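Chemist: Mind folding the following:
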Amino acid sequence: MNDRNYWLDLFTGVTWQEFLDAGAKVSGFRESRRRTVQQIKPGDYLLCYLTGVSRFIGVLEVTSGAFEDRTSIWKDEDFPWRVRVKIVVSLEPETAVPIQQLRDELSIFQNLSSPHAWTSHVRGSPARWKASDGEVVLRALVEAQSNPIFRPIDVRKLARRPRALKSKGGSVTIPESEEPTDSVASVEPSLHQEMQWLLLKLGNDMGLDVWVARNDRGRQVRGNLFTQLPRMRSELPRQFDDATNRTIELIDVLWLAGNTIVAAFEIECTTSIYSGLLRMSDLVSMQPNINIPLYLVAPDERRDKVISELNRPTFSRLSPPLSEMCKYIPIPELRERVSRVTSFVRYLKPEFLDEISESCEVEEV
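Modeler: Reported below is the predicted structural model:
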C-alpha cells in the first residue's frame with residue numbers, strides 16, 4: 001500500500017524475547033508516547049531495532065488501531081499503549097542486520113552535525129521514519145531472512161540498559177553508587193597504559209599521527225616508550241582557545257590526520273569512570289560545535305556504568321548531550337579487533353571504530 005508509514009520500534013534482547021514468548025501479536029509503548037501511538041494505523045510497518053547491539057531484528061505489520069491495555073507481557077514495564085501486529089520478518093539476534101551495514105542508504109547518516117548524531121534517530125519509539133528509509137530496512141531484512149549471515153554477539157549486550165528517568169531537561173539516568181575495590185585499583189594503571197599503547201600503536205600503524213596525554217608522555221609498556229612511535233606528535237595544532245587546547249592535551253589518546261583530530265579516546269578502568277568524562281564534558285561545553293568523534297574505552301563489565309554516567313543530568317543537559325557525542329568501546333572487543341587487522345592495518349580508516357563501538361544514549365521516556 002502506497003500510504004503505508006514506517007515506525008521505529010525499540011527492543012532490548014529481553015523485551016524482544018518477551019514479545020515472542022507472548023505470541024508476537026501485540027507491541028507496546030510507554031504511557032508518554034500515547035499521542036504518537038495513536039497516529040499508527042493498520043497496515044503500517046514497525047521496524048524492530050535491538051538497542052544493545054544496534055541491529056534490526058524484525059518487521060511487524062500493524063493490524064489494529066492503538067488501545068490501552070496493561071495485561072502483563074513484559075516483566076519490568078507495562079508499555080500500556082499498544083497495537084496488534086503480525087510478523088512480516090523475524091530474525092535471530094545473530095542474523096539481525098547491523099544498522100551500520102545500511103549507513104550508505106539511510107538518510108539518518110547523511111549531513112551529520114557530529115559523527116554520532118545518527119543515534120538521535122534511534123532513541124525513542126514509536127518514531128516515524130521516512131518511507132524511503134523504511135523500505136531500505138525492509139529489503140535488508142527480507143534479504144537477511146532468505147540469506148542469513150551469522151554475526152556473533154555478546155549476549156550481555158542483549159540485557160536491559162540502565163533505565164532512563166524523565167526530568168525537565170529530558171531523559172537522564174541516576175547511577176548507583178559503587179564501592180571501589182582493591183583489585184580494580186591495583187590493576188588500573190597497567191591496564192590503562194596497555195590500552196593507551198594499543199591505541200597509539202594502532203593509530204600509528206594506520207598512518208595517522210598520534211598524541212598521548214601530556215602527563216603520560218614518559219610512560220612505557222613492556223619496554224615500548226610511547227614517545228618512540230614514529231608518528232607521535234610533539235605538539236598539537238593550536239586551533240582552539242587556550243582553555244580548550246589545554247583540555248585536549250590531557251585526553252588519553254588522540255588520532256590526527258594532518259591538523260584534524262579524527263578520534264579522541266578516554267580510557268577508564270577505575271570504579272568511578274569519571275575523570276575522562278569530565279574532560280569530554282569540558283570539551284563539549286567550551287566547543288559545542290566541535291566535530292571530533294569521542295570514545296570511552298572501558299572493561300566489558302563497566303558497560304552499564306559507562307552508559308549510566310554518560311546520561312547523568314550533568315552531562316545530559318549539555319548542548320549537545322554528551323551521550324550523543326561519545327560512544328563506548330569495550331576493551332575485549334578492541335583487543336580482539338586489533339589482533340585481527342594486523343596484516344592490513346595500514347589500509348584501515350578511523351571509521352572502522354563504528355563497527356566495535358556502541359551508542360551510549362538511553363531510550364527517551
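Chemist: thought residue 211 was touching residue 253?
Modeler: Yes - the pair residue 211 / residue 253 is scored as a contact, 7.1 Å apart, by CB atoms under 8 Å. C-beta coordinates here come from the backbone N, C-alpha and C atoms, glycine included.
Chemist: Sketch out the low-pLDDT regions of the chain for me.
Modeler: 1-2, 113-116, 159-189, 270-274, 363-365 (pLDDT under 70).
Chemist: domains of the protein?
Modeler: 6-158, 165-359 (automatic domain parsing).
Chemist: Am I right that residue 255 falls within a helix?
Modeler: No - under DSSP: H, G, I helix; E, B strand; the rest coil, residue 255 sits outside any helix and is assigned strand.
Chemist: I'd like the domains of the chain laid out as a markdown table, including mean neighbour count.
Modeler: As requested, the domains of the chain are arranged in a markdown table below (neighbours: other CB atoms under 10 Å):
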| stretch | mean neighbour count |
| --- | --- |
| domain 6-158 | 18 |
| domain 165-359 | 17 |
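Chemist: Quick one: the helices in this protein, in order.
Modeler: 13-21, 34-37, 131-146, 182-205, 242-249, 275-286, 303-310, 313-316, 322-325, 331-340 (DSSP state H).
Chemist: To residue 350, which of these lies closest?
Modeler: helix 182-205 (8.3 Å; CB to CB).
Chemist: contacting residues for the residue lying closest to residue 282 once chain neighbours are set aside?
Modeler: Excluding the flanking residues, the one nearest residue 282 by CB to CB, 6 or more residues apart in numbering is residue 247, at 5.0 Å. Going by CB atoms under 8 Å, 6 or more residues apart in numbering, residue 247 touches 279, 282-283, 286.
Chemist: between those residues, which is nearest residue 240?
Modeler: Nearest to residue 240, judged by CB to CB, of the contacts of residue 247 is residue 286 at 7.7 Å.
Chemist: Which residue, other than its chain neighbours, is closest to that closest one?
Modeler: residue 244 (4.9 Å).
Chemist: same thing with residue 241?
Modeler: Excluding its sequence neighbours, the residue lying closest to residue 241 (CB to CB, 6+ apart) is residue 286, at 7.4 Å.
Chemist: Relative to residue 238, how far out is the one you found?
Modeler: Distance, residue 286 to residue 238, by CB to CB, to the nearest Å: 15 Å.
Chemist: ditto for residue 61
Modeler: Distance, residue 61 to residue 238, using CB to CB: 57 Å.
Chemist: Residue 72 now?
Modeler: For residue 72, the distance to residue 238 - CB to CB - is 60 Å.
Chemist: and stretch 251-265, how far apart are its ends?
Modeler: Start-to-end span of stretch 251-265 (CA to CA, to the nearest Å) is 7 Å.
Chemist: Give me the residues contacting it.
Modeler: With contacts defined as CB under 8 Å, 6+ apart, stretch 251-265 is touched by 192, 196, 199-200, 203, 206, 208-213, 216, 233, 236-237, 239, 248, 266-267, 276, 279-280, 283, 292-297, 329, 350, 353.
Chemist: again with stretch 71-88
Modeler: Taking CB under 8 Å, 6+ apart as the rule, stretch 71-88 contacts 14-15, 18-19, 22, 24-31, 33-34, 37-38, 40, 45-46, 58-70, 138, 160.
Chemist: Strands - which of the residues you listed land there?
Modeler: In this view, the contacts of stretch 71-88 that belong to strands under DSSP state E are 26-29, 45-46, 58-62, 67-68.
Chemist: Specify which member of the residues you listed is nearest to residue 322.
Modeler: Within these, the smallest distance to residue 322 is 26.5 Å, found for residue 29 (CB to CB).
Chemist: these two touch, right, the closest one and residue 125?
Modeler: Yes - applying CB under 8 Å, one finds residue 29 in contact with residue 125, separated by 6.5 Å.
Chemist: tilt between the longest strand that the chain contains and helix 131-146?
Modeler: Longest strand of the chain, by residue count under DSSP E: strand 81-90. For strand 81-90 against helix 131-146, the angle by axes from the mean of the first three to the mean of the last three CA atoms, to 10 degrees is 50 degrees.
Chemist: Need the CA coordinates for strand 81-90. PDB is fine.
Modeler: C-alpha atoms of strand 81-90 as PDB (Å, rounded to 0.1, in the frame of the first residue of the first chain):
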ATOM      1  CA  TRP A  81      -0.200   1.800  24.700                       C
ATOM      2  CA  ARG A  82      -0.400  -1.000  22.300                       C
ATOM      3  CA  VAL A  83      -1.200  -2.100  18.800                       C
ATOM      4  CA  ARG A  84      -1.900  -5.600  17.400                       C
ATOM      5  CA  VAL A  85       0.600  -6.800  14.900                       C
ATOM      6  CA  LYS A  86       1.600  -9.800  12.800                       C
ATOM      7  CA  ILE A  87       5.200 -10.700  11.900                       C
ATOM      8  CA  VAL A  88       6.400  -9.800   8.400                       C
ATOM      9  CA  VAL A  89      10.100 -10.700   9.000                       C
ATOM     10  CA  SER A  90      11.700 -12.100  12.200                       C
END
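Chemist: Show the contacting residues for the residue nearest to residue 241.
Modeler: Counting by CB under 8 Å, 6+ apart, the residues that residue 286 touches are 240-241, 243-244, 247.
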